[in-house]
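[1] dropping the sequence and predicted coords here.
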Amino acid sequence: MNDFADIDWEQLHQISENDPEFELELLTMLAEDVKIHIEELRQAVACRDIPAIGHEAHYIKGASANVGIISLTAAAKQIEVLAIDKQIADLTPIIEQMAIDLNHLESYLATKA
């Protein structure tokens, strides 16, 4: 199952206790959840709502880090830091890359279904 490079497999194996079915379930739940939060992040950016941007980025960072999704964790951390610094002028490219990374995860999961 370790054929998707954007996952910290050690982290995922640790929290799943090396249960491949549970790992797929965790990754699927994360993908569904993060998709919603990326949309909420987009809305917060459109409204220039810095606290909401920070909150959504923090949520995505934590959820992604928990199961070891490297790119989503890094992008969310970057957005969270920018929100803390009130530097939200151009977050769209980062958010769009997050959406692309999420699509890659979903494509990977589709091959495992």
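    Yep, it's here. Numbers count the residues shown, from 1 in each chain.
[2] find the helix or strand that the nearest residue to His13 once chain neighbours are set aside is a member of.
    Nearest non-adjacent residue to His13, counting by C-beta to C-beta, 6 or more residues apart in numbering: Glu23, 7.4 Å away. Where you see a C-beta, it was placed from the backbone N, CA and C, and this is true even at glycine. Per DSSP states H and E, Glu23 falls inside helix 20-46.
[3] helices and strands around that helix, which ones?
    In terms of contacts (3 or more C-beta pairs under 8 Å, 6 or more residues apart in numbering; DSSP states H and E), helix 20-46 is packed against helix 9-16, helix 50-67, helix 92-112.
[4] wait, which of the ones you listed is closest to Arg42?
    With distances scored as C-beta to C-beta, the stretch of those nearest to Arg42 is helix 92-112 (6.0 Å).
[5] phi and psi next, for Ile69.
    Geometry field for Ile69 lists phi and psi as phi -90, psi 100, criterion degrees, to the nearest 10.
[6] the helix holding Glu23: how far from the chain's middle?
    Taking C-alpha atoms, centre = their mean, to the nearest Å, the mean C-alpha location of helix 20-46 is offset from the chain mean by 6 Å.
[7] list the buried residues in it.
    Buried residues in helix 20-46, counted by 16 or more other C-beta atoms under 10 Å: 23-24, 26-27, 30-31, 34, 37-38, 41-42, 44-45.
[8] winner for burial among the helices and strands packed on helix 20-46?
    By mean neighbour count, with neighbours taken as mean count of other C-beta atoms under 10 Å, helix 50-67 ranks first of these at a mean of 20.
[9] any idea of the angle it forms with helix 20-46?
    Angle, helix 50-67 to helix 20-46, by axes from the mean of the first three to the mean of the last three C-alpha atoms, to 10 degrees: 170 degrees.
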